[in-house]
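Visitor: Structure for the following, please:
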Amino acid sequence: MTEQERMILRSALHWHLRQHFQCVEIEHPASIITGTKRRWRCDFYATDFKHRRLVVEVNGGNFTNGRHTRGASYAADLEKINHLTASGCAVFQFTYNCLKERKYESLIQTYLQNTSQP
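Guide: Numbering: from 1, shown residues only. As a prediction, the model looks like this:
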C-alpha cells in the first residue's frame, strides 16, 4: 500500500469521525496526557459535547513484521492502550485493511449509540 493510499484511508476515517461524532475537537495526530502525566501519541483523538473521548489507532505493518507486532513496541502499545482506557477514553485499533473495508463505521456507530445516554 502506498503512502498516498494510506492518506486517503485516514482522510475517510477523519471525515467519518467529523460527521458522526459531532466533535468539539478532533486531532490527527494527537498527544494526550493522562493521569500518569505521561504524554501518549495517538493517530486520532476526538471529544464531543457529551464529554466522550475517542481514540483511534491505525496499526500498519501487521503482515510485514512492522513495529506494532514486535516485542517491545507491542508491549508499549498495550501500555498506552491500557492507560488511555483507564483514563476514560474509548480506544479502537484498526489496520489499514480495516480502513479500506470501512469496518470502523459500524463499530464507532455502536459505541456512539451505547454511550448516548446522559
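
Visitor: contacts, neighbours, all on C-alpha from now
Guide: OK.

Visitor: In the protein, where is pLDDT below threshold?
Guide: Scanning the chain for pLDDT under 70 picks out the ranges 1, 22-25, 28, 32-36, 61-70, 117-118.

Visitor: Show me where the protein has its strands.
Guide: 23-27, 30-33, 39-42, 44-48, 53-59, 89-95 (DSSP state E).

Visitor: quick one, which of the ones you listed is nearest to Ala76?
Guide: With CA to CA, the closest approach to Ala76 among the strands of the chain belongs to strand 39-42: 10.4 Å.

Visitor: what pairs with the closest one, and is each one parallel or antiparallel?
Guide: Using DSSP bridges, strand 39-42 pairs in its sheet with strand 30-33 (antiparallel).

Visitor: close enough to count as contact, Phe92 and Glu57?
Guide: Yes: judged on CA atoms under 8 Å, Phe92 makes contact with Glu57 at a distance of 6.2 Å.

Visitor: Look up which residues are beta-bridged to the spatially most central residue of the chain.
Guide: Note on the chain: the residue nearest the mean C-alpha position is Val56, at 0.5 Å, using CA atoms, centre = their mean. Here Val56 sits in beta bridges with Phe44, Phe92, as judged by DSSP bridges.
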